[in-house]
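Asker: Got a predicted structure here, sequence first:
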Amino acid sequence: MNKLLSDFYNRDTLEVAKDLLGKKLVHNMNGEKLTCRITEVEAYCGITDKACHTYGGRRTKRTEVMWGSAGYAYIYLIYGMYYCLNVVTQEQGQPCAVLIRGLEPLESIDRMAFNRYNQSLSTLSNYQLKNFTNGPGKLCQALGINKNHNGLNLEGDVLYILDDHITDFKIHQGKRINIGYAEEAADYLWRFYIEKK
DNA sequence: TGAGGGATGGCCT
DNA sequence: GGCCATCCCTCAC
């Protein structure tokens, strides 16, 4: 199973977004590998994309990671309470990223249950199971990802993505979520997801 | 099954 | 001071 390297991320953002579907996201927490399959992503395409944090060339302390090389984690706080995980794409100076919006848990799921609800997996309600990792804030909570992971190199051993060559799924696309402020960019079909079984 | 509202804090103007 | 790439619970239906 191959770890994705910078040449994978250093490509067109829409292509990287689509290609991330079905891959395995791993957070190595003190040797315990919390692993999920990526099921939903959104592309944010740099200074011409009104929904992107770097639209118009905005370059601040927060967005600095996006201005760097591909293959790094961009993590930010949203609504004062939740974190969102992005993967930086394209060559340095083109500040683009892919937001990870949805995951399917695979390994160390009990640890994720404690991260999310401070409960063991077997005690979770159907409601909790259904809403386990199906949102950007939820999945960061489940994986134990926070601000400290901002700027991590995805070629390292803490946070990385594996290709196990799963291809038996269909890719759907739609409008990105919750970016109504972005005017015409709100209509771009830059959200990609795997059909639910 | 879906809508509605509160929590909550960094970022940017 | 207002805006947010969100979540979760409540309350109708």
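Answerer: Cool, got the structure.

Asker: and A:Leu5, what does it touch?
Answerer: Going by CB atoms under 8 Å, 6 or more residues apart in numbering, A:Leu5 touches A:71, A:155. Every C-beta, even on glycine, is put in place using the N, C-alpha and C of the backbone.

Asker: do the same with the one 10 residues further on
Answerer: Not one residue lies near A:Glu15 by CB under 8 Å, 6+ apart.

Asker: do A:Ala185 as well
Answerer: Residues in contact with A:Ala185, defined by CB under 8 Å, 6+ apart, are A:49-51, A:179.

Asker: Restricted to strands, list the residues you listed.
Answerer: Among the contacts of A:Ala185, no member falls in strands (DSSP state E).

Asker: Can you tell me how far the residue of chain A most remote from its centre is from DNA strand C?
Answerer: Relative to the C-alpha centroid of chain A, counting by CA atoms, centre = their mean, A:Thr123 is the outermost residue, at 27.2 Å. Between A:Thr123 and DNA strand C the computed distance is 13 Å (CB to the nearest atom of the strand, to the nearest Å).

Asker: that older thread, could you list which of the contacts of A:Ala185 also contact DNA strand C?
Answerer: A:51, A:179 (CB under 7 Å from any atom of the strand).

Asker: ok, the helix-or-strand element of chain A with minimal mean pLDDT near DNA strand C or not?
Answerer: Scoring the helices and strands of chain A by mean pLDDT, DSSP states H and E places helix A:126-130 at the bottom, with a mean of 89. Yes: counting by CB under 7 Å from any atom of the strand, DNA strand C is contacted by helix A:126-130 at A:Tyr127.

Asker: Next SSE downstream of that helix?
Answerer: Using DSSP states H and E, the helix or strand that follows helix A:126-130 in sequence is helix A:136-143.

Asker: does any part of that following helix sit near DNA strand C?
Answerer: Yes: applying CB under 7 Å from any atom of the strand, one finds that helix A:136-143 is in contact with DNA strand C at A:136-139, A:141.

Asker: show me what contacts the residue nearest to the spatial centre of chain A?
Answerer: Centroid-nearest residue in chain A, with CA atoms, centre = their mean: A:Ile100, separated by 2.1 Å. With contact set as CB under 8 Å, 6+ apart, A:Ile100 has these partners: A:20, A:25, A:38, A:40-41, A:84-87, A:136, A:139.

Asker: Show me these that map onto strands.
Answerer: Using DSSP E, these in strands are A:25, A:38, A:40-41, A:84-87.
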